[in-house]
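1. here is a sequence together with a model predicted from it:
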Amino acid sequence: MIRWSLPLALCSLMAAPHGVMAALPTKASSAIPERREFPVNESINPCVDFYAYACSKAVDSFALRPDRSSHTFAFDDSAERLLEKKKSFLKTIAAAARKGTKLPPRSQTLATVYNACMNPAAGAREEKNRLAEALQRLATIKDHAAFSRFLADERKLARTSFLGIGNLANQSQPDVYDFYFVAQAMSLPERSYYENPEVRTAFKKILVQFFQTIGSKKAEAEAQAVLDFESGFARVSPLPAEWRDIWVQKTAISRADLVKKYPNFHLEDFLPQIPETTLIRHFTPDAYAWLQDRLAHENLETLKSVYLFSSLGPLLDDAFPEFKRAYYTFGVKQLGAPRVRPVREERCTMAVMNSFTKELDAELLPQVFPNFPEEKFVALAEEVRKSIIHGIGSNPWLSEQGKAGARDKMSQARLQLVKPRNDAEWRFNPEADYSLTQPNGNFEKLQAKLQERALAELKQKRDSNVWEMGPLTVNAYYSPDDNKFVMPIGILQYPFYDPSLPLEINLGSVGAVIGHELGHGIDDQGAQFDASGRLKQWMTDADVQNFKQRGQLFEQQFNQIGHNGKLTLGENIGDLTGVTFAWRAAFPDGKGTDEMKRAFFLQYARVWCGVMLPKQKEMRLKTDPHALGWARVNQQMKNQPEFARVFQCKPTDAMVLPEKDVVRIW
């Protein structure tokens with residue numbers, strides 16, 4: 001998946017089709033134009049720093065809003081414009097609902113949930129009631145067995161319980177669902193935050209304030225106990241870089257062993273709803289064992305304290321503004337949160353967007369993109385697919401078996417483009433009755449309904465056609481379980497896609513994204529899933545080893561520039577693959593002018609132009625499998641053979657690697 005956002009810009013070289021480029025403002029502005037133009041910085045040598053050459057003028061003219069932590073222009077300009085349309089739509093239907101206007105069922109749901117969120121008095125009452133209810137319930141718990149039973153009851157409601165459950169595709173039969181459970185007991189992003197003395201001190205202060213806020217007489221001791229508990233869990237929880245391998249491992253546990261090994265999880269509550277033939281996944285045994293042990297032997301009051309903070313800490317807001325301000329300030333200073341909290345109208349809009357994504361998109365889609373040239377875009381995507389298949393055939397190191405498997409996979413890959421076509425593809429949320437007086441309860445009710453559906457689906461055939469994103473999402477993804485690529489219409493805005501631009505320019509931006517995502521299907525991880533989405537290796541062992549050796553060069557390169565090369569390896573390979581295949585689609589057999597080739601590389605670079613707060617960068621480097629924008633540009637260009645030639649770079653220039661260090665995969 002591409003993830004969050006990316007940058008935009010059309011180089012001055014290609015401004016002609018749109019008339020004279022408007023002058024950049026003399027003062028930095030956070031305004032989002034309908035179309036942002038990005039001139040190159042002629043004072044910077046592209047062979048020294050291509051990202052700065054392509055992006056610095058746009059970056060220097062932009063002021064990050066105080067209620068944003070980053071802004072990658074290609075993604076976030078489009079996302080901000082869509083956000084404004086969604087804010088306006090929700091305000092309109094919410095006002096109509098308050099007046100008693102009869103709305104269509106989907107709009108009525110959106111209006112109810114939004115109006116509840118916009119009611120701070122209702123929020124304050126609900127928070128106080130939830131706190132009182134939790135304290136009263138916990139006071140009745142006198143032993144570990146009762147506490148574990150309490151967590152199990154909360155789990156049935158999809159509330160905080162240190163454990164999450166759900167379904168996912170079976171690795172051998174992707175049209176069948178597996179049941180999974182995951183341990184959850186961390187408030188901070190990953191292990192190193194708990195090991196950082198500055199973060200620990202600041203986090204403990206928040207914990208102390210939380211327990212003081214809810215009336216504890218032992219706030220200091222409770223805070224330390226929670227910090228120690230979460231730190232212990234962090235030590236046994238996988239690091240972000242480790243999850244890439246965990247997801248593709250065949251892991252399972254029998255029903256008998258599940259109950260025997262983890263009696264305090266009470267997952268036997270769900271076994272009657274899980275068919276006997278359903279596989280139960282067993283992702284992180286060390287984390288499960290640690291949690292099982294703590295539920296049996298940890299001080300009971302500590303367990304209660306951990307539960308209170310994990311369940312209520314993120315919830316307390318309208319009724320406890322001082323604590324909320326302190327907690328938010330901690331996020332600003334330590335985790336890269338925006339310097340200013342977004343206004344309530346925007347927070348509520350985003351809450352509805354996140355939980356009722358498809359419902360909102362379905363209402364707005366006809367208004368936002370009334371005349372999209374779908375056939376032309378589909379033809380572009382197919383050009384990239386053809387480029388990939390052709391490139392497979394000319395690959396110098398892949399075995400004939402590997403080539404056959406890769407061609408088969410890419411030929412059969414499904415492209416779900418622009419928007420869902422029917423209700424099955426949309427898969428809207430289950431219906432429920434929502435309340436005007438329980439803003440948080442509404443979202444909890446939805447989670448309970450989704451959990452209920454996930455359990456019911458275990459008895460059904462899995463539908464591989466479902467979209468996991470709403471069509472107004474500014475993003476795209478590849479699903480190995482389904483061997484399909486999904487690109488919503490939301491991302492198909494300038495500079496990613498403009499039907500009036502030359503094909504070569506669009507291939508430099510959206511073409512590289514298509515190549516990136518489809519390329520995941522034939523990388524070292526993709527080699528483990530066949531054309532039907534089954535976990536079945538189709539490359540030879542020698543092919544996989546060769547692929548990994550080439551990838552290790554990439555890992556070393558990104559380690560040397562301050563990234564975690566292991567964490568970002570998969571996405572870095574995806575970027576390299578995407579640019580390579582998009583280039584071949586744009587310039588088959590190398591045909592094309594150098595001017596157009598420079599424009600192709602510039603358009604790719606502009607996709608990643610952006611700004612980010614320092615602490616946000618720090619967190620991304622630790623947790624995000626995608627490299628930062630400047631690295632996705634400069635390091636990728638160093639590994640593109642044609643880049644140095646078309647920009648006339650010298651062997652000693654910073655953007656040129658020695659031949660032996662260039663990574664070549666496809």
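-> Okay, I see it.
2. so who does Ala527 touch?
-> Gly402, Gly405, Gln537, Trp538, Met539, Asp543, Val544, Phe547 (C-beta atoms under 8 Å, 6 or more residues apart in numbering). (Each C-beta comes from the backbone N, C-alpha and C, glycine too.)
3. nearest to Arg347 among those residues?
-> Phe547 (44.3 Å; C-beta to C-beta).
4. what separation do you get for the closest one and Gly405?
-> In this view, Phe547 and Gly405 are 13 Å apart by C-beta to C-beta, to the nearest Å.
5. what residues are shared contacts of the two?
-> By C-beta under 8 Å, 6+ apart, the residues touching both Phe547 and Gly405 are Ala527, Met539.
6. which pLDDT does the model give Arg244?
-> On the pLDDT scale, Arg244 is placed at 86.
7. now the contacts of Ala527 in JSON lines, with pLDDT?
-> What follows is the contacts of Ala527, written out as JSON lines (pLDDT from 0 to 100):
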{"residue": "Gly402", "pLDDT": "95"}
{"residue": "Gly405", "pLDDT": "95"}
{"residue": "Gln537", "pLDDT": "92"}
{"residue": "Trp538", "pLDDT": "93"}
{"residue": "Met539", "pLDDT": "94"}
{"residue": "Asp543", "pLDDT": "94"}
{"residue": "Val544", "pLDDT": "91"}
{"residue": "Phe547", "pLDDT": "91"}
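8. now the buried members of these.
-> When these are checked for burial by 16 or more other C-beta atoms under 10 Å, the buried set is Gly402, Gly405, Trp538, Met539, Asp543, Val544, Phe547.
9. can you flag which of these belong to helices?
-> Those of the buried ones among the contacts of Ala527 mapping onto helices are Gly402, Gly405, Asp543, Val544, Phe547, per DSSP state H.
10. what's the most distant pair in those residues?
-> Gly405 and Phe547 (12.5 Å).
11. quick one: contacts for the closest residue to Arg235 other than its chain neighbours?
-> In this structure, Arg235 finds its nearest non-sequential neighbour in Arg191, 6.6 Å apart by C-beta to C-beta, 6 or more residues apart in numbering. The neighbourhood of Arg191, defined by C-beta under 8 Å, 6+ apart, consists of Ala234, Arg235, Ser237, Leu239.
12. could you measure from Arg191 over to Val611?
-> Distance, Arg191 to Val611, by C-beta to C-beta: 28 Å.
13. next: Ala454.
-> Applying C-beta to C-beta, the value for Ala454 to Val611 is 38 Å.
14. in terms of neighbours, single out the busier of these two.
-> Between Ala454 and Val611, counting by other C-beta atoms under 10 Å, Val611 is the more crowded of the two (21 against 18).
15. secondary structure class for the residue located most distally from the centre of the chain?
-> For the chain, the largest distance from the centre (C-alpha atoms, centre = their mean) belongs to Lys142, which lies 40.8 Å off. Here Lys142 is coil, with the state taken from DSSP: H, G, I helix; E, B strand; the rest coil.
16. what's the pLDDT at it?
-> With respect to pLDDT, Lys142 scores 98.
17. any idea how far it is from Ser310?
-> Distance of Lys142 to Ser310, computed by C-beta to C-beta: 21 Å.
18. what does Leu316 give?
-> Relative to Ser310, and taking C-beta to C-beta, Leu316 is found at 12 Å.
19. just Arg68 next, same as before
-> Arg68 is 27 Å from Ser310, by C-beta to C-beta.
20. equivalent analysis for Leu365, please.
-> 37 Å.
21. by mean pLDDT, flag the weakest helix or strand of the chain.
-> helix 243-246 (a mean of 90; mean pLDDT, DSSP states H and E).
22. mind listing what's buried in that one?
-> Residues of helix 243-246 classed as buried by neighbour count (16+ other C-beta under 10 Å): Arg244.
23. likewise for stretch 53-65?
-> Within stretch 53-65, the residues scored as buried using 16+ other C-beta under 10 Å are Tyr53, Ala54, Cys55, Ser56, Lys57, Ala58, Val59, Ser61, Phe62, Leu64, Arg65.
24. of these, closest to Pro39?
-> Checking these against Pro39 by C-beta to C-beta gives Lys57 as the nearest, at 5.4 Å.
25. point out the other helices and strands that the helix or strand harbouring the closest one packs with.
-> Following DSSP states H and E, one finds Lys57 within helix 50-60. With contacts defined as 3 or more C-beta pairs under 8 Å, 6 or more residues apart in numbering; DSSP states H and E, the packing partners of helix 50-60 are helix 594-606, strand 610-612, helix 629-638.
26. let me see the ranges of the strands in this protein.
-> 70-72, 163-169, 177-183, 414-418, 477-479, 484-488, 610-612 (DSSP state E).
27. and the fifth one, what's its mean pLDDT?
-> The one in question is strand 477-479. 96.
28. what packs against the biggest helix by length in the chain?
-> In the chain, taking DSSP H as the definition, the longest helix is helix 73-98. Judged by 3+ C-beta pairs under 8 Å, 6+ apart, the packing partners of helix 73-98 are helix 105-117, helix 344-355, helix 357-368.
29. model confidence score at the residue lying closest to Ile505 once chain neighbours are set aside, please.
-> Closest residue to Ile505 apart from its sequence neighbours, by C-beta to C-beta, 6+ apart: Gln603 at 5.1 Å. In this model, Gln603 is scored at 98, pLDDT.
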